[in-house]
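>>> Build me a structure from this.
(4 chains)
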There are 2 protein chains.
Amino acid sequence: MHKKVNIKTIAAELGVSPSTVSKALKDSHEIGVETRARVQAFAKMYNYKPNSLALSLRNQKTMVIGVIIPQITHHFFTRVISGIEFVANQKDYNLMICLSKDEYEKEIQNIEMLTNGSVDGLLISIANETLEKGEFGHFERLLNQEFPIVFFDRIPPGIQADKVIVDDEAGGYNAGKLLLSKGRKKLGIISTPEHVTVGVLREKGFYRAIQEAGVEVLPQFNVKIEEKFDIDNQIDQLFTQKEFPDGIFAVNETYAALAMKIAQKRGFHIPRDIAFIGFTDGVISRLTTPTMTTIAQHGHNMGNKAAELVIQRIYEQENDKTPYQTVVISTNIVEREST
Amino acid sequence: MHKKVNIKTIAAELGVSPSTVSKALKDSHEIGVETRARVQAFAKMYNYKPNSLALSLRNQKTMVIGVIIPQITHHFFTRVISGIEFVANQKDYNLMICLSKDEYEKEIQNIEMLTNGSVDGLLISIANETLEKGEFGHFERLLNQEFPIVFFDRIPPGIQADKVIVDDEAGGYNAGKLLLSKGRKKLGIISTPEHVTVGVLREKGFYRAIQEAGVEVLPQFNVKIEEKFDIDNQIDQLFTQKEFPDGIFAVNETYAALAMKIAQKRGFHIPRDIAFIGFTDGVISRLTTPTMTTIAQHGHNMGNKAAELVIQRIYEQENDKTPYQTVVISTNIVEREST
DNA sequence: TTTAAGTACGAAACCGTTTTCGTGTTAAAA
DNA sequence: TTTTAACACGAAAACGGTTTCGTACTTAAA
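Below you'll find the predicted structure:
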């Protein structure tokens, strides 16, 4: 690769010192107008751009925000990222995106890599494996150092920090209320294992709505999907017993879409026999048949907020720190044909 | 933020020189065993990690690969990224992902930012606006500098460079053949405007299959979607005329899913009245009703190949350069219910 | 006793910038 | 004619590491 021009080569070429070049490029009037013009013309001609590593090292800031997400193929996270990017971009920050693949070890590696000077702040959505283990020492170390860090969506329970979350409990509650308002009485839920905090919260809200209405969910109408086993089979159990639900809430879009297909295959009509409601703001819900009612999550907003928070932390002075904040992104119901 | 320990602070604390610390940390036997042990213990205790900016500046390599994609919310690109990440990770590279938002200006900004020392190589899928304009000077400058750069999916036409592409033409051809093999004679296509190279190629392959069979596509059965107008209306035109097609190929998954819904709303049965085939490897096709036959693109493979190519270029010596390569990722048909 | 070879460490340069602090020259003021 | 100020520029340190080259000291061989 051909070497790029740098300040030294320009200086040598023009017979001046590096300091002069540096100043001339910033149009400092410490330097004579003629020299300034020569340097600037030369720089433009050779398309000089300052080396950002050197700048970062010198200025002790990189203008980069690190983002660690579990999976990039999850549509929700890409929405969040585009929200982060939107705000970061406005404030001249760039993004360094890393994937933990839901693994504890990779998450630690990513954090170590990013916090060795590469980024000014960090945005994290925690890996499932970390959540399962319940080990958050790697986060606590950073928080003690007062490294700017904001958690979003999947947050560490019981740890003081800046957080941006979806109001999952309220979303689940509203989903339950909606089904009830449609006259559904035999409700079912497709959920996730314990350690997935967002799933648990959505389920909790759903049960709150139901208990308020004095209705009960039969144990066999509560399916907790284990992704390592066949998902279709697990869902199918909802429709193969003597009784079947007439309204189903799934804690994410994919489970809801799958459940709709399986129900239809079993001969049920949607929404006449069974109503369905999903959770997320993905691309799937408006393309299913019938189209799916969902609790919209507004991932883009979440990204905006998270980026704003972390940038605020980065600019904060050592002396006046504001206390940790938790921003809640509210959901709303998008009603379509499935209810 | 509390300052992190660095080599200097360790040196001062232990009463040795920075060089000694540096060597001790690498277990150089230039340093006495006792000193080595003291330094290493101290470093471990204070969780010392070398500053990566300093390392990059010194070593003239960052171990980072830049990736520029038009949109992160496109599922295909996330598959490619996860493929890139897989290979990069194995070879100790990290990713810096930037979004051009399909804008020419942002693409240029991203490139300038990334090539000022931040990354060792670049992976690019070109913005639509750039493709429309046909201005590739910013790429050519980099190529002339022999900066390691690999284009994927959306490539600059007529420019010598390393490229990884999907065999779009063959995919379109196979889609056409499949519809014909199902006895369909009145074929339609939902495509994209001229400048979207991948759409054009898929269309070209489709027409080749059709011409080989001696069939013709009526002009009104060729819809080129303009995203700035209402997409549903544009698609609907296929089903509101005297004649209607009995087999439709859409150059992406979303258009195909939309078209299926619209056709069903118009009372057509799929696949009896009309067969549908889409293009991509997204999450939608197995969740539509009926499930959708598609040409699978294998974005993950594309990411693998692109990463391998660029890393190969990075390691390449100044003297023995290999000629530019174009890797073609072949597609395959995934047949589902819509045909 | 002198010389040679290890051993254990430090000084300094370098990567590409910025910035502070001189310093030599010229022109204006005293 | 001397002092002062303005002007135009350069030297050097700093950011946080690595690495080459010395060098002082010890020990073994001549």
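>>> any idea where the helices of chain A begin and end?
For chain A, the helices defined by DSSP state H occupy A:7-14, A:18-25, A:33-45, A:52-59, A:75-90, A:104-114, A:128-133, A:137-144, A:168-181, A:197-212, A:231-236, A:253-265, A:299-315.
>>> Of these, give the one that comes closest to residue B:327.
Residue B:327 lies closest, by C-beta to C-beta, to one member of the helices of chain A: helix A:75-90, at 25.5 Å. C-beta: built from backbone N, CA, C; applies to glycine.
>>> Would you mind saying which of the helices of chain A lies nearest residue B:254?
The nearest among the helices of chain A, by C-beta to C-beta, is helix A:75-90 at 12.5 Å.
>>> what's that closest one packed up against?
strand A:64-69, strand A:94-99, helix A:299-315 (3 or more C-beta pairs under 8 Å, 6 or more residues apart in numbering or on different chains; DSSP states H and E).
>>> Tell me which of those is the most buried.
When the helices and strands packed on helix A:75-90 are scored by mean count of other C-beta atoms under 10 Å in any protein chain shown, the highest mean neighbour count falls to strand A:64-69 (a mean of 25).
>>> now that one, how far from the centre of its chain.
10 Å (C-alpha atoms, centre = their mean, to the nearest Å).
>>> For that strand, which strands pair with it and how are they oriented?
Here strand A:64-69 is paired, per DSSP bridges, with strand A:94-99 (parallel), strand A:121-124 (parallel).
>>> returning to what we had before: make CSV out of the helices and strands packed on helix A:75-90 and add mean pLDDT.
As requested, these are arranged in CSV below (pLDDT from 0 to 100):
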stretch, mean pLDDT
strand A:64-69, 97
strand A:94-99, 94
helix A:299-315, 97
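>>> ok so, going back, dump the helices of chain A to CSV, plus distance to residue B:115.
Below are the helices of chain A laid out as CSV (distance: least, C-beta to C-beta, whole Å):
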stretch, distance to residue B:115
helix A:7-14, 17
helix A:18-25, 18
helix A:33-45, 16
helix A:52-59, 9
helix A:75-90, 18
helix A:104-114, 21
helix A:128-133, 35
helix A:137-144, 30
helix A:168-181, 42
helix A:197-212, 39
helix A:231-236, 44
helix A:253-265, 38
helix A:299-315, 24
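>>> among those helices, which is nearest residue B:90?
Nearest to residue B:90 among the helices of chain A is helix A:104-114 (12.4 Å), distances taken as C-beta to C-beta.
>>> buried stuff in the closest one?
Neighbour counts over helix A:104-114 (16 or more other C-beta atoms under 10 Å in any protein chain shown) mark A:104, A:106-111, A:113-114 as buried.
>>> Show me which of those residues is closest to DNA strand D.
Using C-beta to the nearest atom of the strand, residue A:113 comes nearest to DNA strand D of the buried residues of helix A:104-114, at 13.9 Å.
>>> circling back: just the closest of the buried residues of helix A:104-114 to residue B:280, please.
For the buried residues of helix A:104-114, the residue nearest residue B:280 by C-beta to C-beta is residue A:106; the value is 27.5 Å.
>>> Next up, the contacts around the residue lying closest to that closest one once chain neighbours are set aside.
Distances taken as C-beta to C-beta, 6 or more residues apart in numbering or on different chains put residue A:100 closest to residue A:106, at 4.8 Å, once the chain neighbours are dropped. For residue A:100, the contact set (C-beta atoms under 8 Å, 6 or more residues apart in numbering or on different chains) comprises A:68-70, A:106-107, A:110, A:127, A:130.
>>> about what we covered before: how about the helices of chain A in CSV, adding distance to DNA strand D?
Below are these laid out as CSV (distance: least, C-beta to the nearest atom of the strand, whole Å):
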stretch, distance to DNA strand D
helix A:7-14, 7
helix A:18-25, 3
helix A:33-45, 3
helix A:52-59, 4
helix A:75-90, 24
helix A:104-114, 13
helix A:128-133, 27
helix A:137-144, 16
helix A:168-181, 40
helix A:197-212, 35
helix A:231-236, 47
helix A:253-265, 44
helix A:299-315, 16
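>>> Output the strands paired with strand A:64-69 as CSV; include the columns distance to residue B:236.
Supplementary listing: the strands paired with strand A:64-69 in CSV, determined by distance: least, C-beta to C-beta, whole Å:
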stretch, distance to residue B:236
strand A:94-99, 38
strand A:121-124, 42
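>>> so which of these comes closest to residue B:288?
So among the strands paired with strand A:64-69, strand A:94-99 is nearest, using C-beta to C-beta, at 28.1 Å.
>>> which residues touch that closest one?
A:63-72, A:81, A:84-85, A:88, A:106, A:110, A:113-114, A:118-119, B:64, B:82, B:85, B:94-98, B:113.
>>> circling back to that earlier point, looking at the helices and strands packed on helix A:75-90, which is nearest to residue A:198?
Shortest distance between residue A:198 and the helices and strands packed on helix A:75-90, using C-beta to C-beta, is found for helix A:299-315: 11.9 Å.
>>> Check residue A:281 and give its pLDDT.
Predicted confidence (pLDDT) for residue A:281: 69.
>>> Those residues of the stretch 51-200 of chain A touching DNA strand C, which are they?
A:51, A:53-55, A:57-59 (C-beta under 7 Å from any atom of the strand).
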